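Peer 1: Predicted structure and sequence below. I'll ask about it afterward.
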Amino acid sequence: MSETTTTTHRKAHAIVFPYPYQGHITPTINLAAKLASNGFTVTYVQLEFIGAGGAAALGIRCATISDGFPLEFDRDANLTEYWESMILDFPARVDELVGRIKKSDESATGFFLVADSLYTWTADIATKHNLVNVSLWTAPALVFSIGYHLDLLKQNGHFPFEGSSDDLHINYIPGVESITRKDLMSQIQKPHAIPILIKIMEMSFEQVKKADFILCNTVQELESHCLSSLDRRQPTYAVGPINFFAKTASLLPTTDCSVWLESKPPASVLYISFGSIFEFNKQEITEIAHALVSTGVDFLWVLKTEKKESNLAGVFPDGFLDRGLVVPWCDQRAVLSSPAVGGFLTHCGWNSTVESMWNGVPMLCYPFCVDQPTNRKLVVEDWRVGIDLCDGEQVITREEVSRKIDGLMKGNTCVELRQEVKKVSHTVRNALERDGSSQINFDRFLHDLKGRLK
Ligand code: UDX
């Protein structure tokens, strides 16, 4: 462990554990910065293979912890082995580190744990070290509610699913009016595809149910039923979006796209990204590339080509780059805030969704797995700020992609989507104003937390 220590003056001390993916790190590091600015000592714990991220730059005390694997180990390619070990072996490292952090700050007026809700050890560690336990959920409340009530799905014979159709309506989850099978998270729809994912979900929600407080990276006005229903079970605070509190560093080197974007007319550019973990396959890249050429739209595409360069030969049609820019990684929050961006082809990762809504950019939705199908339902059906890329089967053709890009970027659908997303952007931004719902909820959380820390 390496630690950067700052002098502490009898403050309560937050020990913050982000989940080791960009989509979780961004909100968690922002929350850490917000807690520090509210007078807490914060130790931000980062896995060694990721490095200190941007926390040190934000003036937050950092600690690093090993996950037990060599730095060069390919964690994505060995997902099951990695997470089996994170379930079995990692908690002992956390236990040891938390003990050391506590010893290093004997003047603290109290300690609290802020750990990603997906960790499988949070309540055990909090109980052992006498920490107030704050569970941080970095996705929408709808996804949380479904995971929280997995037992209800089991009781109703809907987990695991046997022979029921995609259109089956589930209307017994508290706070969730109705949801179809196809809109559930992928690990519930197909638990056998990557069994470790459902194991993590089951184990982590057992821990979540023992948390003192739940913080959710969502906005009260967008998910009020779900949140009220959860709050009746456990104190739950919608404090989102927490993505924009501080200028946080990206895990990967970014390409500056500002000059290119500035050369484009307002709302003319389609931004395309599939987030930090997943990537389009070759067939999808081919269909999207042909569709881009046939629509003639300006585009900025984040394509992590490093693993694919050789097998992408011949995929791109003639003239492909006449109107577009392809980069391996960019500062997405900056890109989405550019007036030139008029649409976002996204996998519906929650951070991408929130960042798009914040900037008033309508979405073309192509969910891949985990929470993304559920996020898609919110975007397309509940908030009407996006459209689906595929109407039926999740296999795309260039004709359908062209039609959908046209719908997103031009004509009546485009006008309607832009009107709706403007309203949602207003709601999301207002939530963080001094008298906005997320700020009020955050203040309420601090008040309740301080009550527990006494
Ligand atoms: C993961 C899961 O896949 C997602 O379903 C879940 O909701 C959160 O955790 P990820 O796939 O990386 O996240 O997607 P997303 O949540 O959208 O997060 C991606 C983050 O990377 C965003 O904050 C985005 O701003 C950032 N990003 C993406 C960049 O900074 N640059 C890029 O070029 C692309």
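Peer 2: Great, that's in hand. Residues are numbered from 1 along each chain as shown.

Peer 1: Those residues of the stretch 351-454 of the chain touching the ligand, which are they?
Peer 2: For the stretch 351-454 of the chain, the residues in contact with the ligand (Cβ under 6 Å from any ligand atom) are 351-352, 355, 370-372. Where C-beta positions appear, they are placed from N, C-alpha and C, glycine not excepted.

Peer 1: Just give me the closest of these to residue 133.
Peer 2: Proximity of these to residue 133 (Cβ to Cβ) peaks at residue 371, which lies at 22.7 Å.

Peer 1: and that closest one, how many neighbours?
Peer 2: 25 (other Cβ atoms under 10 Å).

Peer 1: Kindly reformat the residues of the stretch 351-454 of the chain next to the ligand as a markdown table containing secondary structure and distance to residue 384.
Peer 2: A markdown table is the format used below for those (DSSP: H, G, I helix; E, B strand; the rest coil; distance: Cβ to Cβ, whole Å):
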| residue | secondary structure | distance to residue 384 |
| --- | --- | --- |
| 351 | helix | 20 |
| 352 | helix | 18 |
| 355 | helix | 18 |
| 370 | coil | 23 |
| 371 | coil | 19 |
| 372 | helix | 18 |
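
Peer 1: Tabulate these (TSV), appending pLDDT.
Peer 2: Below are those laid out as TSV (pLDDT from 0 to 100):
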residue	pLDDT
351	97
352	98
355	97
370	95
371	97
372	97
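
Peer 1: nearest to residue 431, of those residues?
Peer 2: Closest to residue 431 out of those is residue 355 (14.5 Å), distances taken as Cβ to Cβ.

Peer 1: that older thread, now, of the residues of the stretch 351-454 of the chain next to the ligand, which are buried?
Peer 2: Burial by neighbour count, judged by 16 or more other Cβ atoms under 10 Å, picks out 351-352, 355, 370-372 from those.

Peer 1: returning to that earlier point: among the residues of the stretch 351-454 of the chain next to the ligand, give me the pair with the biggest separation.
Peer 2: 355 and 370, at 17.8 Å, using Cβ to Cβ across those.

Peer 1: Find me whatever residue is spatially closest to residue 178, sequence neighbours aside.
Peer 2: residue 171 (4.5 Å; Cβ to Cβ, 6 or more residues apart in numbering).

Peer 1: wait, what's in contact with the one you found?
Peer 2: 177-179 (Cβ atoms under 8 Å, 6 or more residues apart in numbering).

Peer 1: Of those residues, which is the most crowded?
Peer 2: Counting by other Cβ under 10 Å, top hit in the contacts of residue 171: residue 179 with 19 neighbours.

Peer 1: For that one, which residues are in contact?
Peer 2: 142, 146, 169-171, 173, 374, 377.

Peer 1: Turn those into JSON lines, including pLDDT.
Peer 2: JSON lines is the format used below for the contacts of residue 179 (pLDDT from 0 to 100):
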{"residue": "142", "pLDDT": "98"}
{"residue": "146", "pLDDT": "98"}
{"residue": "169", "pLDDT": "91"}
{"residue": "170", "pLDDT": "95"}
{"residue": "171", "pLDDT": "96"}
{"residue": "173", "pLDDT": "98"}
{"residue": "374", "pLDDT": "98"}
{"residue": "377", "pLDDT": "97"}
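
Peer 1: circling back to that earlier point, reformat the residues of the stretch 351-454 of the chain next to the ligand as JSON lines; add distance to residue 228.
Peer 2: As requested, those are arranged in JSON lines below (distance: Cβ to Cβ, whole Å):
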{"residue": "351", "distance to residue 228": "24"}
{"residue": "352", "distance to residue 228": "27"}
{"residue": "355", "distance to residue 228": "26"}
{"residue": "370", "distance to residue 228": "25"}
{"residue": "371", "distance to residue 228": "21"}
{"residue": "372", "distance to residue 228": "25"}
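
Peer 1: Spatially nearest residue to residue 361 (excluding sequence neighbours)?
Peer 2: residue 344 (5.0 Å).

Peer 1: If you average the pLDDT over the host helix or strand of that neighbour, what comes out?
Peer 2: Using DSSP states H and E, residue 344 maps to strand 341-346. Across strand 341-346, the average pLDDT comes to 98.

Peer 1: Compute the distance from the centre of that strand to the centre of its chain.
Peer 2: Here strand 341-346 is found 17 Å from its chain centre; the criterion is Cα atoms, centre = their mean, to the nearest Å.

Peer 1: at contact distance from the ligand, anything in it?
Peer 2: No: judged by Cβ under 6 Å from any ligand atom, strand 341-346 makes no contact with the ligand; its nearest approach is 7.1 Å.

Peer 1: Was I right to think residue 84 contacts residue 196?
Peer 2: Yes: contact criterion Cβ atoms under 8 Å: residue 84 and residue 196 qualify, at 6.6 Å.

Peer 1: How about residue 109: what's its closest non-neighbour residue?
Peer 2: Residue 109 sits nearest to residue 12 (Cβ to Cβ, 6+ apart), 5.0 Å away.

Peer 1: Show the subsequent helix or strand relative to the helix or strand encompassing residue 237.
Peer 2: Element membership for residue 237 (DSSP H and E) is strand 236-238. Per DSSP H and E, strand 236-238 leads on to helix 258-262 as the next helix or strand towards the C-terminus.

Peer 1: Whichever helix or strand comes after that following helix near the ligand anywhere?
Peer 2: Using DSSP H and E, the next helix or strand after helix 258-262 towards the C-terminus is strand 269-273. Yes: judged by Cβ under 6 Å from any ligand atom, strand 269-273 and the ligand are in contact via residue 273.

Peer 1: list the helices and strands the helix or strand just after strand 269-273 packs on?
Peer 2: Proceeding N to C from strand 269-273, the next assigned helix or strand is helix 282-295, under DSSP H and E. The contact analysis (3 or more Cβ pairs under 8 Å, 6 or more residues apart in numbering; DSSP states H and E) places helix 282-295 against helix 398-409.
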